[in-house]
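[1] got a predicted model here, sequence first, then my questions.
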Amino acid sequence: MNFWLLLTINSITFGGLLFLLSSGFSLIFGLMRIPNLTHGSMFMVGAYLGSTFLSGALGFTSDFWVAAILSAIEVAVLGALMERLLLRRLTGQPLAQVLVTLGVSLMVADLCLMGWGGDPISVETPAGLGGFVRAGPAVFPLYRMAIIVIAVVFAIALWLLLERTRLGAMIRAGVDDPQMARVVGIRVSQLFTIVFGLGAGLAGFAGMIGAPILSIYPGLDQDMLPLALVVVILGGTGSLLGSFVGSILIGFIYNFGQALLPELAYFVLFLPMVIVLVVRPQGLFGGQVL
Amino acid sequence: MANSALVLSGIDAYYGDSHVLQKVSFELGEGRLLGLLGRNGAGKSTCMNVSVGLLPPRAGVVEVFGTPVTRLPPEQIAARGVALVPQGRRVFKSLTVRENLIVAARDKDAATRHANWNAATVFAMFPRLAERANQLSAHLSGGEQQMLAIGRALMANPRVLLMDEPSEGLAPQIVAEVMTTIRKLKESGLSIVLVEQSPKLVFDIADDIVILNSGRVAVVSTAAALKNDGVDLRQHLGVF
Ligand SMILES: Nc1ncnc2c1ncn2[C@@H]1O[C@H](COP(=O)(O)OP(=O)(O)O)[C@@H](O)[C@H]1O
Ligand SMILES: [Mg+2]
């Protein structure tokens, strides 16, 4: 198996996962103007919940995809509740909101440790996707190809939602000019709840989809959050196209960095973020939600 | 006055510690057009911000058709029939022309409908917007953006229309078009506040005039009386 080809596939796969994680993070950032520091927790909780569904412990399913969808819905509800019950009370105080998300993320980490213990949980590749496809001399791991397909499907679905529906236009209006959006009668606070729930659900889904590759362990949340942050800073907040390009870019930088310069992996990862922040603080695609 | 569309009474408004409006009171009669004049920095836009709920006043009351709306959030004031064409137009740049209109359409609440504006009627009024319906509004000229901002405000079928310097930065013939539009809206019975720095544009079209000077109301009059009196307005408005 060609080392470079595998590295490339892994990079794109990881980019796909990052897109599922960061598209919601980016929308929340664009609309509410705060980085949601629980976003990594949503990813981790989605994975833990999914593994519990998958184990059949709750009695109704042992299908991977059903488990992933159920946990995504649950995490979406948790995200929407958090927005309604906590962040809503701190409207107009962005610093307090960020600190609340930080606090909640630390609390969630403790709860997960209590609930699922400290040992990593591995999740098996879903049935039928454990193999490889061969194309001449090249070999493609099926499950990773599936992740790429899923990410592309979600990217298209999100694009349609944002670009082709009235709700999507309202969200973009809120990202553009939240004050004017309210003045023309858009209930921006309802959009906050919707976008927060949607973003959380996507992160939770990504957690479960990523579990067969990354496994699930305490600290997974804090491993993923900075990646979402880098993607969004590269791509620009509130920009779907930005998250997509940023995710693939970071997928490559992360995987190639780990393979070639493992001791400098974080340096390689965060250097582009620092450069973009200094040179082009609105991000590569900032200001547009495409 | 029983038939007041919009009343500001005793408004004190601050940005942080700076006291920008001091005991500002005026009222817009139903179906009338009030010209709100004043130099740059006099507090005209602040009056608009207070009226639409963007800047809750520290003291005073805002009423829309007799109902107090003071300190309601902007979306609820919008639902009570107040629409703003803001200074600088502030169209949603990442939305197309059509999207700018449809996001501002109000869900059907027949009780507060006072006209029948929708995307089709707005496009009929501004054919140039119709031609550009699917373009991003960021690509419109200043005049087209102004028309879009007016159309967007109309989409909610408002009872009170606030227009903050709609002529700013536009070529003379476009200004004339905008004034013609405002005249039509007034004739349709809409109650309008028209903010301008220059009285020339406003005196012909306005019923009433309010002049702000340094955050206070300096003059309240009918337009006719001001014109006939030949009052020296320069002390309030500068040279014009
Ligand atoms: N967002 C703001 N923060 C602080 N001060 C402001 C703000 N907006 C306006 N001001 C100040 O309030 C005063 C009135 O401004 P404004 O209402 O915009 O005047 P006008 O519309 O008549 O030109 C000015 O002195 C201006 O500098
Ligand atoms: Mg102004």
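    Looks like it arrived, so ask away. Ligands and ions are numbered 1, 2, ... in the order given.
[2] where along chain B do the helices fall?
    Along chain B, the stretches classed as helices by DSSP state H are B:44-52, B:74-79, B:97-102, B:119-125, B:127-131, B:142-154, B:172-187, B:199-203, B:223-229, B:234-237.
[3] elements contacting the third one?
    Translated: helix B:97-102. For helix B:97-102, the packing partners by 3 or more C-beta pairs under 8 Å, 6 or more residues apart in numbering or on different chains; DSSP states H and E come out as helix A:166-176, helix B:119-125, helix B:142-154. (Each C-beta comes from the backbone N, C-alpha and C, glycine too.)
[4] quick one, which of those gets closest to ligand 2.
    Of all those, helix B:142-154 sits nearest to ligand 2, with 14.3 Å by C-beta to the ion.
[5] I'd say B:Leu140 and B:Glu131 touch.
    No - taking contacts as C-beta atoms under 8 Å, B:Leu140 lies outside contact range of B:Glu131: 10.7 Å.
[6] the more surrounded of these two?
    Neighbours around B:Leu140 and B:Glu131, counted as other C-beta atoms under 10 Å in any protein chain shown, are more numerous at B:Leu140. The numbers are 21 against 12.
[7] ok, the more buried one - contacts?
    B:Val91, B:Val97, B:Arg132, B:Leu148 (C-beta atoms under 8 Å, 6 or more residues apart in numbering or on different chains).
[8] contact partners of the host helix or strand of A:Pro272?
    Applying DSSP states H and E as the criterion places A:Pro272 in helix A:265-279. With contacts defined as C-beta under 8 Å, 6+ apart, helix A:265-279 is touched by A:226-227, A:229-230, A:233-234, A:249-250, A:253-254, A:257-258, A:261, A:283-284.
[9] so which bits of it are buried?
    Across helix A:265-279, burial judged by 16 or more other C-beta atoms under 10 Å in any protein chain shown covers A:Ala265, A:Val268, A:Leu269, A:Phe270, A:Pro272, A:Met273, A:Val276.
[10] buried subset of the contacts of helix A:265-279 as a PyMOL selection?
    The buried residues among the contacts of helix A:265-279 can be selected in PyMOL (16+ other C-beta under 10 Å) with this line:
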select buried, chain A and resi 227+229+230+233+234+249+250+253+254+257+258+283+284
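[11] so how many other residues sit close to the nearest residue to A:Leu198 once chain neighbours are set aside?
    Distance criterion C-beta to C-beta, 6 or more residues apart in numbering or on different chains; nearest residue to A:Leu198, sequence neighbours excluded, is A:Gly24 at 6.1 Å. By other C-beta under 10 Å, 30 other residues sit near A:Gly24.
[12] any idea how far A:Ala80 is from A:Phe285?
    27 Å (C-beta to C-beta, to the nearest Å).
[13] from B:Ala124, how far out is B:Leu101?
    Going from B:Leu101 to B:Ala124 by C-beta to C-beta gives 12 Å.
[14] please say which of those two ends up with more neighbours.
    Legend: neighbour count by other C-beta under 10 Å for B:Leu101 and B:Ala124, higher for B:Leu101 (26 against 11).
[15] contacts only, for the residue nearest the centre of chain B.
    Against the mean C-alpha coordinate of chain B, by C-alpha atoms, centre = their mean, the closest residue is B:Leu162 at 1.7 Å. The contact partners of B:Leu162, taken as C-beta under 8 Å, 6+ apart, are B:Met48, B:Ser51, B:Val52, B:Val82, B:Ala83, B:Leu84, B:Val85, B:Ile192, B:Val193, B:Val195.
[16] quick one: it from B:Ala78, how far?
    Distance from B:Leu162 to B:Ala78, by C-beta to C-beta: 11 Å.
[17] am I right that B:Ala218 is in contact with B:His236?
    Yes - between B:Ala218 and B:His236 a contact is recorded at 4.9 Å, counting by C-beta under 8 Å.
[18] pull up the overlap in contacts between these two.
    Contacts common to B:Ala218 and B:His236, judged by C-beta under 8 Å, 6+ apart, are B:Gly38, B:Ile211.
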